[in-house]
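> Show me the folded form of this:
(one chain, ligands or ions: 2)
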Amino acid sequence: MLQMRKLIVVIMLIMSSRCVMAQATTDLGVQVAAATYWGDIENVNYSKSITPVVGILGRYNFNKRLAIRGQLFTGNLKAEGFFNNANIAQSGGARTFPEEYPRDPAYNFNFNRAFQSVEALFEFNFRDYKLGRTKKDNWTPFVSVGLGGFFSRASRVGSFILDPFETAPGTALYPPYYLEPATFKLTNNSDVLTLTIPVGVGLKFNITKRLGGIIEVIVRKTFADNIDNLDDPKRFVIDPANPQPYPDKVSGMQLNNNDWYATLAVSLCYQLWSSKGNCAIYDKIKK
Ligand SMILES: [Ca+2]
Ligand SMILES: [Ca+2]
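Ligands and ions are numbered 1, 2, ... in the order given. Prediction:
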């Protein structure tokens, strides 16, 4: 009799574990977002510094509380503002040789670059949530955290930093400051490749049995300082009365020195797969 009971318990445990697995679901989604940036540009005009991002995502829901999401997206980042006490020129004019540029005395600084990113995020739901239900467990706030990769090809547009010395005293024309003398790259001419740490908060909700929505804000710490083409830019600040050559970049590992960006995203998710196993036993055990 005892043996029999043991056997029943074992069978129920096996079935319940299968039921837990059977609760897994998979969703596929599309995303549109607005992005913005924080970095070394001062007095950023945010009305001109919001950019569009589009993406796709796939989500595997382990259960009603935990999910893992992969997403791939592309978009732009740009900003307009000021960068004081530096010799700045604006791109756009014809390049002449020898290259000489007038300094922008208004210290206007802008950048604009396209980027691609891939991210993996863990999601934790504060309530029980399942896409595929319209009456119960049909909405939840959630938080997410993960790891991403960010790539942006050099834009070659926007502002760039000039050498502190005029080509000839009194001409108000400056040679461009080159990041790398060997490659003759302007400060707005370097790629960005960096890891990111995305941290998000949002709301998931179901629209129909198969469709769900997500609204979320994700803030991303990056490990690059040249997203805004201002890489460790304190070194470019000059005293016009006593100009000195720019010092070398200090260190790429200064923790609080790097650029950040964030998105406000709206996603539409479609439930691709759900194993709606018969989980009556699981529900009984849970009770
Ligand atoms: Ca920067
Ligand atoms: Ca910085």
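
> Relative to ligand 2, how far out is Lys209?
From Lys209 over to ligand 2 the distance is 48 Å, taken as Cβ to the ion, to the nearest Å. Backbone N, C-alpha and C define where each C-beta goes, glycine included.

> my bad, Gln3
Distance of Gln3 to ligand 2, computed by Cβ to the ion: 70 Å.

> Mind pulling up the pLDDT for the closest residue to ligand 2 within the stretch 101-250 of the chain?
Proximity of the stretch 101-250 of the chain to ligand 2 (Cβ to the ion) peaks at Asp225, 4.4 Å away. pLDDT for Asp225: 93.

> dump the residue contacts of it.
Residues near Asp225 by Cβ atoms under 8 Å, 6 or more residues apart in numbering: Gly39, Asp40, Asp231, Asp232, Gly252, Asn257, Asn258, Asp259.

> wait, the first one sits on Asp232?
No: Gly39 is not in contact with Asp232 according to Cβ atoms under 8 Å; the separation is 11.2 Å.

> So for those two, which residue has more residues nearby?
Remark: of Gly39 and Asp232, Gly39 carries more neighbours, 25 against 18, as counted by other Cβ atoms under 10 Å.

> tell me the secondary structure for the residue nearest in space to the middle of the chain?
Closest residue to the average C-alpha location of the chain: Arg220 at 4.9 Å, with Cα atoms, centre = their mean. Reduced to three states with DSSP: H, G, I helix; E, B strand; the rest coil, the structure at Arg220 is strand.

> ok, now which ones touch it?
Gly148, Phe150, Thr196, Ile197, Pro198, Val199, Trp260, Tyr261, Ala262, Thr263.

> In helices only, show me those.
Within the contacts of Arg220, no residue falls in helices by DSSP state H.

> can you tell me which of these lies nearest to Ser91?
Tyr261 (21.7 Å; Cβ to Cβ).

> which parts of the stretch 1-150 of the chain sit against ligand 2?
Residues of the stretch 1-150 of the chain found near ligand 2 (Cβ under 5 Å from the ion) are Asp40.

> What parts of the stretch 1-150 of the chain come near ligand 1?
Remark: the part of the stretch 1-150 of the chain in contact with ligand 1 comprises Gly39, Asp40, using Cβ under 5 Å from the ion.

> Wait, Asn258 touches Lys221, no?
Yes: at 7.2 Å, Asn258 counts as touching Lys221 under the criterion of Cβ under 8 Å.

> Look at those two and report which has more neighbours.
Ranked by neighbour count (other Cβ under 10 Å), Asn258 and Lys221 place Asn258 first, with 22 against 17.

> Could I get the pLDDT score of the more buried one?
You'll see Asn258 listed with a pLDDT of 92.

> Ok, Leu121 next?
98.

> re the thing from before, who's the residue nearest to the centre of the chain bridged to?
Assessed by DSSP bridges, Arg220 has beta-bridge partners Pro198, Tyr261.

> Find me whatever residue is spatially closest to Lys48, sequence neighbours aside.
Nearest in space to Lys48, with sequence neighbours left out and distances taken as Cβ to Cβ, 6 or more residues apart in numbering, is Glu80 at 4.7 Å.

> and that neighbour, how many neighbours?
So Glu80, with other Cβ under 10 Å, has 19 neighbours.

> I believe it is in a helix; please confirm or correct that.
No: going by three-state DSSP, the assignment for Glu80 is strand, not a helix.

> ok, now which ones touch it?
Contacts of Glu80 (Cβ under 8 Å, 6+ apart): Ile41, Val44, Asn45, Lys48, Ser49, Asn108, Phe109, Asn110.

> List only those of those residues flagged as buried.
Using 16 or more other Cβ atoms under 10 Å as the burial test, those include Ile41, Val44, Ser49, Phe109, Asn110 as buried.

> didn't the third one look like it was pressed against Phe111?
The one in question is Ser49. No: contact between Ser49 and Phe111 fails when scored by Cβ under 8 Å: they sit 9.8 Å apart.
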